[in-house]
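**Student:** fold the stuff below for me.
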Amino acid sequence: MSPTEGFSVTHRRYVPHSHAHYGGDLVDGAYGLGLFGDVATELLIRTDGDEGLFAGYSHVEFAAPILAGDVVEATATLVRVGTRSREIEFEVRVVCRSAPERGPSAADVLDPPVVATRARGTVVAPKRD
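**Tutor:** Predicted coordinates:
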């Protein structure tokens, strides 16, 4: 597949309690950035046949907390295709959240999901021979 603007990849994952670093089961902001690396890798594999290399972020916004026990989805959407560079918009949304006040394993589906992290970054595909 050749790189096409608007193409996107989404991963969904449970955030384990072992990832909580702060009071209130708060997970550090780097957790979402790690998810962005994963979805960018799959996006580049699908569009360029290679994992590519992350060059950097031009924008990162931490809009809401990610908590242990959340189910999150991370999406990467290709917004600009250069000769070798690919500009990507990222978003992490919390789609489910634990509800410990109702019981130790209670949880809710969030409708609508809560946007936790947004970013824009550039990845580089290798030069083709």
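
**Student:** element containing the residue nearest the centre of the chain, please.
**Tutor:** Taking C-alpha atoms, centre = their mean as the criterion, A74 is the residue nearest the geometric centre of the chain, at 3.2 Å. Element membership of A74, judged by DSSP states H and E, is strand 71-81.

**Student:** in that strand, what's buried?
**Tutor:** Of the residues in strand 71-81, 71-78, 81 count as buried by neighbour count, 16 or more other C-beta atoms under 10 Å. Quick note: C-beta positions are derived from backbone N, CA and C, even for glycine.

**Student:** give me the sheet partners of that strand and which way each runs.
**Tutor:** strand 8-14 (antiparallel), strand 85-98 (antiparallel) (DSSP bridges).

**Student:** residue ranges with poor pLDDT in the protein?
**Tutor:** Low-confidence segments of the chain (pLDDT under 70): 1, 129.

**Student:** what's around the residue nearest to S18 when sequence neighbours are not counted, how many residues?
**Tutor:** Closest residue to S18 in three dimensions, ignoring its sequence neighbours and counting by C-beta to C-beta, 6 or more residues apart in numbering: A68, at 7.9 Å. Per other C-beta atoms under 10 Å, the neighbour tally for A68 reads 18.
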